[in-house]
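A.B. asks: Have a look at this prediction, sequence included:
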Amino acid sequence: MLFFSGGITKTLRFQSLGEIEFRAASCTGALYHIEIYIICSDISGLEAGVYHFNPQNSSLTVLRKGDYRKVLANAVANEPFTSTAPIMLVFTDVFSRNAVKYQAREYRHTFWDCGTILSNALAMSNAQKVPCKLILGFVDSEINSLLGLDTRKEAAVAILPLGHFDQEIPTSPSMSEVSKSEPSEQYVDLASINEIHESSSLTDKQEVASWRNQVIHEPQSVKPIESTGRVSLKDSLETVILRRGSTRKFSQDSISLEQLSTILKRSTGRIISDFEKESINDVYLIANAVDGLEQGSYFYNKEHDKLEILQKGDFRNISGHLGLDQSLPYDASITVFFMVNLQKILERLGNRGYRVAQLDASIMGGRMYLASYALHIGATGLTFYDDEVTEFFSPHASNKNTMFMMALGKKAKS
């Protein structure tokens, strides 16, 4: 699971850059700033402890010996699933690795890139029939202390408990300082990122419990106009992950409506989590070239698995423009935008709602990568003009913000 979530899956040689290693999930700028830690009880082949996963050689470095799950269980306010899990994965962000290129925008990438890794981890867990639950409500300082993090440079973002034991979690050993080597990172002024992250942190168990009691589920209106078919997926998940990449050039050839329908259905299912019963992001599309689907803009009704047309017309130029005037969204068969009423989320979940909204969208985006590559269709995540996306899909999306964008289509022949 660690390898197929955050491991190095391929090495490619480029004439100007030399060899570059690529990992199982996509990452902005291939800067790989998300780290994975493991907190576990005694399990087959691994003693109880706190570990760091090293993707360079798929090894685990011991940070603490002993069963520290109780510390984590307390930090999540004794969330029931976490209290029975023998293994817990913690995902962190080393801010400077991405900020060296993207500066303060790195904080958005924190969740984009953690989400695509989580989509792989959730898929692997499901494939191996290992129960899991995504946890975003936790006392930040307690998790960071357990891992020995310098929070000016690195901080916990998400927790994924795995498996189920009936045994009660024992009391944890006392905590001493963690001694670990830190990779040298280019200096970046992280003050704004630290401030933003701190403003969305939870400070004690009572605040975590109160935060988790909030619910955002709202039924969608129904105006179906397109039935959706299905295409069977034949390759194993592991095969798809090894094949997956980020498409660098699309042809303008069409994909089928059945392929699009399969991708949408596979990408937008429920995320088992502590923050919502259903996904909170809505899905909007621009159809440039889909056999069986008229060109235009669409809203995908997840609850009823239907597409609702918003505007008819050839919007290929607009598709390219919204994706920062790049050729990728112009040439793609479909561009997909994950959008949410962020103000409503923040009113309900406070500043931590930003983390929820971004991760919810990026997990769906990660699933879209996997579903597309399972069908031998190319996919890539893109940056976008935020306000112009909202304007284009208005009035339907007039109160919504874009969290994530994908472009899908057939890869151009090299």
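C.D. replies: Good, I have the coordinates.
A.B. asks: right, and residue 377 touches residue 256 too?
C.D. replies: No - assessed by C-beta atoms under 8 Å, residue 377 is found out of contact with residue 256, at 9.7 Å. For glycine as for every other residue, the C-beta is placed from the backbone atoms N, C-alpha and C.
A.B. asks: And those two? Which one has more around it.
C.D. replies: Here residue 377 and residue 256 are compared on neighbour count by other C-beta atoms under 10 Å; more neighbours surround residue 377, at 23 against 17.
A.B. asks: Tell me, what's the model's pLDDT at that one?
C.D. replies: For residue 377, the pLDDT comes out at 98.
A.B. asks: now the one 5 residues further on
C.D. replies: In this prediction, residue 382 carries a pLDDT score of 97.
A.B. asks: tally of neighbours for it?
C.D. replies: The burial count for residue 382: 20, using other C-beta under 10 Å.
A.B. asks: wait, what's in contact with it?
C.D. replies: By C-beta atoms under 8 Å, 6 or more residues apart in numbering, residue 382 lies in contact with 323, 324, 326, 328, 329, 335, 405, 406, 407.
A.B. asks: Can you turn the buried subset of these into a selection I can paste into ChimeraX?
C.D. replies: Burial among those is assessed by 16 or more other C-beta atoms under 10 Å; the matching ChimeraX selection reads:
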select :323,326,328,329,335,405,406,407
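A.B. asks: Save the contacts of residue 382 as CSV, and put in pLDDT, secondary structure and distance to residue 314 too.
C.D. replies: As requested, the contacts of residue 382 are exported to CSV (pLDDT from 0 to 100; DSSP: H, G, I helix; E, B strand; the rest coil; distance: C-beta to C-beta, whole Å):
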residue, pLDDT, secondary structure, distance to residue 314
323, 98, coil, 16
324, 97, coil, 20
326, 97, coil, 18
328, 98, helix, 18
329, 98, helix, 14
335, 99, strand, 13
405, 99, strand, 19
406, 99, strand, 20
407, 99, strand, 17
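A.B. asks: which residues touch the residue nearest to the spatial centre of the chain?
C.D. replies: Centroid check for the chain by C-alpha atoms, centre = their mean gives residue 115 as the closest residue, at 1.1 Å. Counting by C-beta under 8 Å, 6+ apart, residue 115 touches 358, 359, 360, 361, 362, 363, 365, 366, 404.
A.B. asks: check contacts around the first one.
C.D. replies: The one in question is residue 358. With C-beta under 8 Å, 6+ apart, residue 358 has these contacts: 108, 110, 111, 112, 115, 403, 404.
A.B. asks: Do I have it right that the fourth one meets residue 402?
C.D. replies: Spelled out, it's residue 112. No - Residue 112 lies out of contact with residue 402 (C-beta under 8 Å); the separation is 11.9 Å.
A.B. asks: which residues of the stretch 151-300 of the chain score low on pLDDT?
C.D. replies: 180-187, 215-231 (pLDDT under 70).
A.B. asks: Residue 177 belongs to a helix, doesn't it?
C.D. replies: No - Residue 177: not assigned to a helix; according to DSSP: H, G, I helix; E, B strand; the rest coil it is coil.
A.B. asks: if I look at residue 105, how far off is residue 98?
C.D. replies: Relative to residue 98, residue 105 is positioned 9 Å away (C-beta to C-beta, to the nearest Å).
A.B. asks: Tell me which of the two has more neighbours.
C.D. replies: Set residue 105 next to residue 98 and count neighbours by other C-beta under 10 Å: residue 98 wins out with 27 against 13.
A.B. asks: Check whether that one really touches residue 31, as I assumed.
C.D. replies: Yes - with contact defined as C-beta under 8 Å, residue 98 reaches residue 31; the gap is 4.9 Å.
A.B. asks: Leaving out the residues flanking it, which one is nearest to residue 235?
C.D. replies: Nearest residue to residue 235, sequence neighbours excluded (C-beta to C-beta, 6 or more residues apart in numbering): residue 374, at 5.9 Å.
A.B. asks: and that neighbour, backbone torsions?
C.D. replies: Residue 374 adopts backbone torsions of phi -60, psi -30, taken as degrees, to the nearest 10.
A.B. asks: my guess is it meets residue 232, correct?
C.D. replies: No - taking contacts as C-beta under 8 Å, residue 374 lies outside contact range of residue 232: 9.8 Å.
A.B. asks: Looking at these two, which is more packed in?
C.D. replies: Neighbour count, other C-beta under 10 Å: between residue 374 and residue 232, residue 374 has more, with 23 against 7.
A.B. asks: quick one: contacts for the more buried one?
C.D. replies: By C-beta under 8 Å, 6+ apart, residue 374 lies in contact with 233, 235, 240, 266.
A.B. asks: Relative to residue 413, how far out is the last one?
C.D. replies: What that stands for is residue 266. In terms of C-beta to C-beta, residue 266 sits 26 Å off from residue 413.
A.B. asks: These two: who's more crowded?
C.D. replies: residue 266 (20 against 6).
A.B. asks: how deep is the closest residue to the more buried one other than its chain neighbours tucked in, by neighbour count?
C.D. replies: Closest residue in space to residue 266, ignoring its immediate chain neighbours: residue 371 at 4.0 Å, by C-beta to C-beta, 6+ apart. When neighbours are defined as other C-beta under 10 Å, residue 371 has 24 of them.
A.B. asks: Out of the contacts of residue 358, which sit inside strands?
C.D. replies: If you go by DSSP state E, the contacts of residue 358 have 403, 404 in strands.
A.B. asks: Tell me, how many residues neighbour residue 398?
C.D. replies: By other C-beta under 10 Å, neighbour count at residue 398 equals 10.
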